[in-house]
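In: Here is my input, please return the structure:
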Amino acid sequence: MTDTTRGHRRTRRRLRLRADDGSATAEYAVVILAAVAFAGVLVAVMRSGEVQQILTDLVRGALTS
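Out: Below is the predicted model of the structure:
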């Protein structure tokens, strides 16, 4: 294998790796969006009267035992 062939392979490998530079950032963004959506659903559930009553009863039961 000549030095020129090795140089071309290195260049191609380097260019291939650079093409994926932003993929990690995009993955983090998707995970953060999913976490925010889950937090929104959780807040909506926690604000419902039924859930608040269940939690209140649970805490009272734990404190009186």
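
In: so how far is residue 40 from the residue positioned nearest the centre of the chain?
Out: Geometric centre of the chain, nearest residue: residue 31, 2.2 Å, by CA atoms, centre = their mean. Separation of residue 31 from residue 40 (CB to CB, to the nearest Å): 15 Å. For glycine as for every other residue, the C-beta is placed from the backbone atoms N, C-alpha and C.

In: now do residue 57
Out: 25 Å.

In: same for the biggest helix by length in the chain, what does it pack against?
Out: Scanning the chain for the helix with the most residues, using DSSP state H, yields helix 23-46. Here helix 23-46 touches helix 49-64, going by 3 or more CB pairs under 8 Å, 6 or more residues apart in numbering; DSSP states H and E.

In: between the helix it packs on and helix 23-46, how many degrees?
Out: 80 degrees (axes from the mean of the first three to the mean of the last three CA atoms, to 10 degrees).

In: Output helix 49-64 in CSV with nothing but the alpha carbons.
Out: The C-alpha atoms that make up helix 49-64 are tabulated as CSV, following Å, rounded to 0.1, in the frame of the first residue of the first chain:
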residue,chain,number,x,y,z
GLY,A,49,-58.0,16.5,42.7
GLU,A,50,-58.1,12.8,42.9
VAL,A,51,-54.3,12.4,42.9
GLN,A,52,-54.0,15.1,45.5
GLN,A,53,-56.5,13.4,47.7
ILE,A,54,-54.7,10.0,47.3
LEU,A,55,-51.3,11.6,48.2
THR,A,56,-52.8,13.5,51.2
ASP,A,57,-54.3,10.3,52.5
LEU,A,58,-51.0,8.5,52.0
VAL,A,59,-49.1,11.1,53.9
ARG,A,60,-51.6,11.2,56.7
GLY,A,61,-51.6,7.4,57.0
ALA,A,62,-47.8,7.4,57.1
LEU,A,63,-47.7,10.1,59.8
THR,A,64,-50.3,8.6,62.0
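
In: Lovely, talk soon.
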